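Visitor: Okay, here's the prediction I keep looking at, along with the sequence it came from:
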Amino acid sequence: MRTQVGIVGAGPAGLMLARLLHLQGIESIIIENRSRDYIENRIRAGLIEHWAADFLADVGVGSRMQREGMPHWGINIGINGDLHRIDFKKLVNKRVTIYGQQEVVKDLVERRLSDGAPGIRTRLSVRLARHPVGESATRSRIDLFLHGSRLRALHNAIHEPRAALSSVRPR
């Protein structure tokens with residue numbers, strides 16, 4: 001299998017990178033060692049800053065968040081029994097949206113599949129390697145293992161979202 005970009009990790013960062021590449025006409029595959037059910041239901045943070053919520057809408061994956069998310073225009077902080085309001089709208093005219101990142105993951109996966117992009121390759125062990133292709137050039141390679149059988153995919157680029165990297169390294 002050949003593709004332009006291999007993305008290791010199907011968390012929010014890896015899925016968003018795949019979406020942005022798709023919007024630019026760049027093919028990618030996403031490799032994840034967990035199941036789709038796991039990545040879509042893993043509980044993650046749920047406060048999305050205004051710029052991120054706007055960005056999700058701009059790249060075509062924010063419509064469910066806009067319908068189901070809860071916008072908050074401020075917070076209350078208790079100090080020594082007194083309640084203090086921090087009004088985001090008054091201070092900076094911004095909001096946050098309460099919407100679980102696992103829901104963002106579901107939206108990104110669904111959009112990827114509806115766009116006809118390759119699904120996420122799940123339950124694979126991964127080994128990343130670089131090998132020379134001349135005097136001064138190297139090519140990135142991702143070696144994939146499924147139930148002990150070795151598969152190999154060559155890539156021009158590899159993205160390793162830091163938060164997802166530990167979950168895809170062979171144990």
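Guide: The structure has been received and is ready for your questions.

Visitor: where along the protein do the strands fall?
Guide: 5-8, 28-31, 47-49, 70-72, 74-79, 82-87, 96-98, 120-121, 125-132, 138-146, 149-155, 157-159 (DSSP state E).

Visitor: per-stretch mean pLDDT over those, give me the minimum one.
Guide: Mean pLDDT is lowest for strand 157-159 out of the strands of the chain, coming in at a mean of 48.

Visitor: and stretch 64-73, which residues are buried?
Guide: Across stretch 64-73, burial judged by 16 or more other Cβ atoms under 10 Å covers 65, 69. Backbone N, C-alpha and C define where each C-beta goes, glycine included.

Visitor: Send over it as PDB, restricted to the C-alpha atoms.
Guide: Provided in PDB are the C-alpha atoms of stretch 64-73 (Å, rounded to 0.1, in the frame of the first residue of the first chain):
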ATOM      1  CA  ARG A  64     -23.100  18.400  15.500                       C
ATOM      2  CA  MET A  65     -21.000  20.300  18.000                       C
ATOM      3  CA  GLN A  66     -22.900  23.500  17.200                       C
ATOM      4  CA  ARG A  67     -26.200  21.600  17.700                       C
ATOM      5  CA  GLU A  68     -25.400  19.600  20.800                       C
ATOM      6  CA  GLY A  69     -22.500  21.400  22.500                       C
ATOM      7  CA  MET A  70     -23.200  23.700  25.400                       C
ATOM      8  CA  PRO A  71     -21.700  27.200  24.900                       C
ATOM      9  CA  HIS A  72     -20.500  28.900  28.000                       C
ATOM     10  CA  TRP A  73     -19.800  32.600  28.100                       C
END
